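Asks: Output the structure for:
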Amino acid sequence: MKALIFGIGGFVGRYVTDELISRGYEVAGSDIMLSCDLPQVEYYNGDLLNADFVASLVEKVRPDAIINLAAISSVGASWKIPQTTIQVNVVGALNILEAAGKYARDAKILFIGSSEEYCIKEGMINESDPLSANNPYGISKMAQEQFVECYRSRYGLKIYYVRPFNHTGIGQRDSFVLPSFCKQAADLEAAGVPGEIHVGNLSAKRDFSDVRDIARAYCMILESEDDRIVYNVGSGKAYGLDEMLQYIVSLCTVEVKIVIDQDRFRPIDTPIVLCDNSLIRQKLGWEPEYSIFDTLKEMYEYYLKNEQA
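Replies: Next up is the predicted model:
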């Protein structure tokens, strides 16, 4: 079996690659960067927005499975570059759908949605809850999902769709909230002097998973039979950003002051996001294996080691 991953050079790409290889797949991948530090991958440099490149790659690789991880994946970034967000997340997805319709009719295809597609809700969010995104990123994922359904019907493609909740781990850019906390704390610890950590809205509660649990869920979904089931993937637990920050600070031996930075606030921020993961548990037997606090400790120690190197 051969899998083709678009956006393989991003944060999640490495973890999905490892999971696929552990399951016996050969992996080919594409990204906009010139080279890729995954030696076990057959790598192709190219732009997802170049429809001819995408089509020629799918025709050449003839994959048994296609996974699209290429995206503008930050809500904050999507407010700054909404046009680019739509281009990459919607037009890029359309290029893959068109290519699959021509050259990979029998492949299993996985598209990644987001919990940001859902309406704001105080309790647990399940797959039957209405979709009504309140930011450019979520809107782009809603559009992607509608095109997935359209192309599934038009071409009879076997397309899977998943709505993951927040996930993090080693390798995620520190423009995201938890890596930012961990890196700032590790920088202070490595310097050995008291200092400040600059943060945005700490009152929000989020369901965060370890990226390794998410990658495993993606592969389980891709290998399942029913492509019309949309799955939520999340830990089923929501913690306040303030609680997670305090845990990170507790790992430091130096004194740390928390500074609220209004520039780090989003234009619109949902108070709580909590995943109901009962469907994927029941249907596929997926269970999270990692605690987010263990993940935070790993990330903090990774930054600390790199700062001291």
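Asks: how about the strand or helix carrying Lys141 as CSV, C-alpha atoms only?
Replies: If you go by DSSP states H and E, Lys141 is part of helix 136-155. The C-alpha coordinates for helix 136-155 follow below in CSV (Å, rounded to 0.1, in the frame of the first residue of the first chain):
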residue,chain,number,x,y,z
PRO,A,136,-12.0,32.6,8.4
TYR,A,137,-10.2,29.3,9.2
GLY,A,138,-13.4,27.6,10.3
ILE,A,139,-15.3,29.0,7.3
SER,A,140,-12.6,27.6,5.0
LYS,A,141,-13.0,24.2,6.5
MET,A,142,-16.8,24.3,6.2
ALA,A,143,-16.4,25.0,2.5
GLN,A,144,-13.9,22.2,2.2
GLU,A,145,-16.3,19.8,3.8
GLN,A,146,-19.1,20.8,1.4
PHE,A,147,-16.9,20.3,-1.6
VAL,A,148,-15.9,16.8,-0.2
GLU,A,149,-19.5,15.8,-0.1
CYS,A,150,-20.0,17.2,-3.6
TYR,A,151,-17.1,15.3,-5.1
ARG,A,152,-18.0,12.1,-3.2
SER,A,153,-21.4,12.2,-4.9
ARG,A,154,-20.1,13.3,-8.3
TYR,A,155,-17.2,10.8,-8.7
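Asks: quick one: buried residues of that helix?
Replies: 136-145, 147-148, 151-152 (16 or more other C-beta atoms under 10 Å). C-betas here are computed from N, CA, C, even on glycine.
Asks: Who are the packing partners of it?
Replies: Counting contacts by 3 or more C-beta pairs under 8 Å, 6 or more residues apart in numbering; DSSP states H and E, helix 136-155 is packed against helix 75-80, helix 82-86, helix 92-103, strand 108-112, strand 158-164.
Asks: out of the buried residues of helix 136-155, what pair is the most spread apart?
Replies: Greatest spacing in the buried residues of helix 136-155, by C-beta to C-beta: Pro136 and Arg152 (24.7 Å).
Asks: thinking again about what came up before, right, so of the helices and strands packed on helix 136-155, which gets closest to Asn201?
Replies: helix 75-80 (11.2 Å).
Asks: model confidence over that closest one, on average?
Replies: The average pLDDT for helix 75-80 rounds to 91.
Asks: What of stretch 33-53?
Replies: The model assigns stretch 33-53 a mean pLDDT of 94.
Asks: List the contacts of that stretch.
Replies: 6-9, 13-14, 17, 21, 26-32, 54, 57, 61, 70, 87-88, 91-92, 95-96, 98-99 (C-beta atoms under 8 Å, 6 or more residues apart in numbering).
Asks: Show the buried residues in the residues you listed.
Replies: For the contacts of stretch 33-53, buried by 16+ other C-beta under 10 Å: 6-9, 13-14, 17, 26-31, 54, 57, 61, 70, 88, 91-92, 95-96, 98-99.
Asks: how about Asp207, what does it touch?
Replies: So Asp207 contacts Ser115, Phe165, Asn166, Gly234, Ser235, Gly236, Lys237, Ala238, Val273, Leu274, Cys275 (C-beta under 8 Å, 6+ apart).
Asks: Sort out for me which of these are in strands.
Replies: Val273 (DSSP state E).
Asks: which of the contacts of Asp207 lies closest to Ala77?
Replies: Among those, Asn166 lies closest to Ala77 (C-beta to C-beta), at 14.8 Å.
Asks: Give me the nearest residue to the closest one, chain neighbours excluded.
Replies: Leaving aside its sequence neighbours, Asn166 sits nearest to Phe208 (C-beta to C-beta, 6 or more residues apart in numbering; 4.7 Å).
Asks: Gly171 is in contact with Arg14, correct?
Replies: Yes - between Arg14 and Gly171 there is a contact under C-beta atoms under 8 Å: 6.4 Å.
Asks: Give the residues shared as contacts by those two.
Replies: In contact with both Arg14 and Gly171: no residue, using C-beta under 8 Å, 6+ apart.
Asks: Now do the residue lying closest to Glu145 once chain neighbours are set aside, the pLDDT please.
Replies: Computed as C-beta to C-beta, 6+ apart, the closest residue to Glu145 that is not its neighbour in sequence is Gly113, at 5.4 Å. Per-residue pLDDT puts Gly113 at 98.
Asks: Gly113 reaches Gln146, doesn't it?
Replies: No - between Gly113 and Gln146 there is no contact under C-beta under 8 Å: 10.6 Å.
Asks: burial of Asp52, as a residue count?
Replies: Asp52 has 10 neighbours, counted by other C-beta atoms under 10 Å.
Asks: Check the gap between it and Glu98 for me.
Replies: Per C-beta to C-beta, to the nearest Å, Asp52 is found 11 Å from Glu98.
Asks: ok, which stretches of the protein are strands?
Replies: 2-6, 26-31, 42-45, 65-68, 108-112, 158-164, 167-168, 195-199, 205-206, 209-210, 231-233, 239-240, 256-260, 272-273.
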